[in-house]
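K.L.:
What would the 3D arrangement of this be:
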Amino acid sequence: MWNLKGQTAVITGGSKGIGRATVAEFLKLGAEVLYTGRNADDILKIEDELSAEGHAVKGIVADVSKPKDRRKIVTWTENNWKAVTILVNNAGINIRKKAMDYSDEEYRKVLEINLFSPFLLARDLYPLLKKSNNGKIINVASAAATQDVGTGTPYAMSKAGLLQQTRSLAVEWARDNIRVNAVSPWYTRTPLTDSVLQGERKEYILRRTPLHRIAEPEEIASVIAFLAMDKSSFITGQTIVADGGMSVKAL
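P.N.:
Okay, the predicted model is just below:
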């Protein structure tokens, strides 16, 4: 049970950062993987590399905030798999600004990708997740979901909403043997955080973190993999906080 053999997984935002590490982790554990990303060159390069290693993997160029691209994902799974056992909602963006500096378009874009898209894709894949009789959804949230970490109000709003989405769907879909959980990372070394993890800001983050380092994407991927395994079969509606102890440090 410490593997994902026989599992079929859809991973959004799978070409970079935590998503890329999750694709690699799932393949190593024996799953078949469909992953998405918005850059065609990245998608093709990664698919070629992983396929050459003998893995059952497929990359699709898709923006999960667009209905036609979500339909592309669903159509591929319907044509290639009997069911979907795992959905990892990892795709996300951030626009870091003061609250008064956001345009309507900017904050709506953050909410569209980070909050609405996970719900819509879960809804679209629901029949295939139910058909598996062993469905798992893992939403990648953030430490920003439960406390202010100075990363922008729309981002924090979107991730807080994602945690409640996780809890509500976990209860509603439990009767269909679909478990829904979330992972909330603290700062992790990804392209999304490259511009932040520098100078005084990085030193502040390290001071706030008892383990005194930045997380690696593979460390978050391993938590996601655990929630996707049958070893976590009695866990649903929960959030695992992977923050190096930051959230329990008072001073």
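K.L.:
For the stretch 101-250 of the chain, which segments count as helices?
P.N.:
104-111, 117-132, 153-172, 199-208, 217-228 (DSSP state H, counting those that start in this stretch).
K.L.:
helices or strands next to the third one in the packing?
P.N.:
For helix 153-172, the elements it packs on are helix 104-111, helix 117-132, strand 135-140, strand 178-185, judged by 3 or more C-beta pairs under 8 Å, 6 or more residues apart in numbering; DSSP states H and E. For glycine as for every other residue, the C-beta is placed from the backbone atoms N, C-alpha and C.
K.L.:
what about it, distance to the chain center?
P.N.:
Per C-alpha atoms, centre = their mean, to the nearest Å, the displacement of helix 153-172 from the mean C-alpha position of its chain is 13 Å.
K.L.:
Show the contacting residues for the spatially most central residue of the chain.
P.N.:
By C-alpha atoms, centre = their mean, the chain has its centre lying nearest to Asn90, at 2.1 Å. Listed by C-beta atoms under 8 Å, 6 or more residues apart in numbering, the contact partners of Asn90 are 11-14, 18-19, 22, 140.
K.L.:
Export the residues you listed to CSV and append columns for secondary structure, distance to Asp230 and pLDDT.
P.N.:
Output for these, formatted as CSV (DSSP: H, G, I helix; E, B strand; the rest coil; distance: C-beta to C-beta, whole Å; pLDDT from 0 to 100):
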residue, secondary structure, distance to Asp230, pLDDT
Ile11, strand, 18, 98
Thr12, coil, 22, 98
Gly13, coil, 25, 96
Gly14, coil, 22, 96
Ile18, helix, 22, 97
Gly19, helix, 22, 97
Thr22, helix, 18, 98
Val140, strand, 21, 98
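K.L.:
can I get these in TSV with distance to Pro185 and neighbour count?
P.N.:
Converted to TSV, the contacts of Asn90 look like this (distance: C-beta to C-beta, whole Å; neighbours: other C-beta atoms under 10 Å):
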residue	distance to Pro185	neighbour count
Ile11	16	32
Thr12	16	28
Gly13	13	28
Gly14	16	30
Ile18	7	29
Gly19	12	27
Thr22	12	31
Val140	7	29
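K.L.:
Out of these, which is nearest to Ala62?
P.N.:
Compare each of those with Ala62 using C-beta to C-beta and the shortest gap goes to Thr12, at 7.9 Å.
K.L.:
ok, that closest one to Ala143 distance?
P.N.:
20 Å (C-beta to C-beta, to the nearest Å).
K.L.:
And the residue nearest to Lys97 when sequence neighbours are not counted, what's its pLDDT?
P.N.:
Using C-beta to C-beta, 6 or more residues apart in numbering and skipping residues adjacent in sequence, the residue nearest Lys97 is Gly152, 6.1 Å away. We note a pLDDT of 93 for Gly152 in this prediction.
K.L.:
who's in contact with Gly152?
P.N.:
Listed by C-beta under 8 Å, 6+ apart, the contact set of Gly152 reads 94-97, 110.
K.L.:
where does it sit relative to Leu169, distance-wise?
P.N.:
From Gly152 across to Leu169, the span is 25 Å (C-beta to C-beta).
K.L.:
next one: Glu219
P.N.:
For Glu219, the distance to Leu169 - C-beta to C-beta - is 26 Å.
K.L.:
which one of the two has more residues nearby?
P.N.:
Counted by other C-beta atoms under 10 Å, Glu219 and Leu169 do not tie: Leu169 has more neighbours, with 22 against 16.
K.L.:
Tell me the confidence at that one?
P.N.:
At Leu169, pLDDT is 98.
K.L.:
for Glu218, same thing?
P.N.:
pLDDT recorded at Glu218 is 98.
K.L.:
The one 5 residues further on too?
P.N.:
Per-residue confidence at Val223 stands at 98 (pLDDT).
K.L.:
wait, doesn't it sit right on Asn181?
P.N.:
No: contact criterion C-beta atoms under 8 Å: Val223 and Asn181 do not qualify, at 9.6 Å.
K.L.:
Overlap in contacts, these two.
P.N.:
Counting by C-beta under 8 Å, 6+ apart, the residues touching both Val223 and Asn181 are Ile240.
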